[in-house]
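Peer 1: Structure for the following, please:
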Amino acid sequence: MFRKLSSVGYALERLLDLCSPVDEIEKIPIEETCGRVLASDVLSPENLPSFNRAAMDGYAVRSEQTRGASQSSPVQITEHVRVRTGAALPDGFDAVVMLEDSFLRGRVLEVTAELTPYRNVSRVGEDVRAGDVVLGREHRLRPPDLALLGAVGIGEVDVFTRPRVAVIPTGDELVPRSSVPAPGEAREINSIMICSYVKLWGGEPQLSGVIPDDRDSIKRVIKRYLGSDLILISGGTSVGDRDYAPGVLEEMGELMVHGIRLSPGRPTAVGSVSGTPVVCLPGYPVAALASLYLLVRPAVKRLAHLRDDVRRRDAMLSRKIPSRPGYITFARVSLKDGVADPVMISGAGILSSVARADGFVLVPEDLEGLDVGEQVEVHIFE
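Peer 2: Alright, predicted model coming up:
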């Protein structure tokens, strides 16, 4: 039996207390920075644009010479230059008349619209001025951000290093994914899911080999990864005879939580060794997934200087979701036309239920399920 079950909220608080944002910095080319987080404000070294440029195809003119021009009373101009979008505005000209507002008759341009100074012109520094903060510290870089950095002549930026997250799968029954499992064996699959999410959430996974259900082996692998920013142990975290991970964690450091009121996901444990936060995840894939989303995701995001923004959609339940009072229930659902259809209410080892689901609904621990027709908030799987 678990000595004491903690709430999900309490377990998350204890874990986040152990996780400080990683402040190591590296300078890398902007081509490699998509998804990375800026470690300092980026100042523009130049104006954008660096010259007055035509904002559309037409004719560069002196705006004062278009005074009074209209459809019924065109103005004739002899001083004009044909320009294309993005071209430098010739010296002495301060506006561009659009093609549809002009007609060229020999060397004379008839203009049918009055222009103000710099009409249809992008002025020097209109987009960005030299010395402006282009992007701020802790901004997560996106493809258009990289284009902006390139436009002002920036080729490298300082970013925070990704937090190093050790992923340690354990279990005597586990065999490589390329193997054909014998009766009583199972392919080791949790690590590919865990490592993929760590990358998606801004971390750098460090995968160990499969560790047997052996107390000394688990101790050695934890010691090996104490330089990491977070350690995730998969499997061996319940209360069976060969579930050693929580006991090893307590022996080597501090076991803060062992057992949480989450269904599935109850065997989750949280602690630390020599200041390194450690999370022990259940071996059943769906239980591991529930703990990944509710505990590990916020921790990795904090380490990586990222906001824990979760995509959500409102929907109506097509069927009742039963739940266990006192536990938060992690219910997988599919979404279609604003309707959430429960895929499978129970079954911590039924991984196909996640593949068929678009997200999950959390049933609060103080409720005995959710009824058909209720409005729910669906957390979208990434």
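Peer 1: Helices of the stretch 151-300 of the chain, residue ranges please.
Peer 2: With DSSP state H, counting those that start in this stretch applied, the stretch 151-300 of the chain shows helices at 190-200, 215-224, 245-252, 285-291, 297-303, listed in chain order.
Peer 1: show me where pLDDT drops low in the stretch 251-382 of the chain?
Peer 2: Within the stretch 251-382 of the chain, the stretches falling below the threshold (pLDDT under 70) are 344-350.
Peer 1: what are the ranges of the strands in it?
Peer 2: Listed in chain order, the strands found in the stretch 251-382 of the chain under DSSP state E, counting those that start in this stretch are 254-258, 262-263, 269-273, 276-281, 312-317, 328-336, 339-344, 359-363, 375-380.
Peer 1: follow-up on the earlier one: now for the helices of the stretch 151-300 of the chain, which one comes closest to L43?
Peer 2: Taking Cβ to Cβ as the criterion, helix 297-303 is the member of the helices of the stretch 151-300 of the chain that comes nearest to L43, at 26.9 Å. Yep, even glycine has a C-beta here, placed from its N, CA and C like the rest.
Peer 1: who touches that closest one?
Peer 2: Outside of helix 297-303, the residues that reach it under the criterion Cβ atoms under 8 Å, 6 or more residues apart in numbering are 12, 15-16, 19-22, 163, 165, 197-198, 201-203, 229-230, 277, 279, 307-308.
Peer 1: Identify, out of the helices of the stretch 151-300 of the chain, the most deeply packed stretch.
Peer 2: Scoring the helices of the stretch 151-300 of the chain by mean neighbour count under mean count of other Cβ atoms under 10 Å gives helix 285-291 as the most buried, with a mean of 26.
Peer 1: still on that earlier bit, out of the strands of the stretch 251-382 of the chain, which gets nearest to S73?
Peer 2: Checking the strands of the stretch 251-382 of the chain against S73 by Cβ to Cβ gives strand 312-317 as the closest, at 56.8 Å.
Peer 1: follow-up on the earlier one: and G259, which of the helices of the stretch 151-300 of the chain is closest to it?
Peer 2: Between G259 and the helices of the stretch 151-300 of the chain, the shortest gap by Cβ to Cβ is with helix 245-252, which sits at 8.9 Å.
Peer 1: Which strands or helices does the closest one pack on?
Peer 2: helix 215-224, strand 254-258, strand 269-273, strand 276-281 (3 or more Cβ pairs under 8 Å, 6 or more residues apart in numbering; DSSP states H and E).
Peer 1: still on that earlier bit, could I get the strands of the stretch 251-382 of the chain in TSV, plus columns for mean neighbour count and distance to H139?
Peer 2: Written out in TSV, the entries for the strands of the stretch 251-382 of the chain read as follows (neighbours: other Cβ atoms under 10 Å; distance: least, Cβ to Cβ, whole Å):
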stretch	mean neighbour count	distance to H139
strand 254-258	21	33
strand 262-263	24	33
strand 269-273	24	30
strand 276-281	26	26
strand 312-317	15	23
strand 328-336	21	31
strand 339-344	19	34
strand 359-363	22	27
strand 375-380	16	23
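Peer 1: So R14 lies in a helix, does it not?
Peer 2: Yes: secondary structure of R14 (DSSP: H, G, I helix; E, B strand; the rest coil): part of a helix.
Peer 1: Please tell me how far it sits from G326.
Peer 2: To G326, R14 is 19 Å away according to Cβ to Cβ, to the nearest Å.
Peer 1: Among the two, which residue is more densely surrounded?
Peer 2: Under the criterion of other Cβ atoms under 10 Å, the comparison of R14 against G326 puts R14 first, with 18 against 11.
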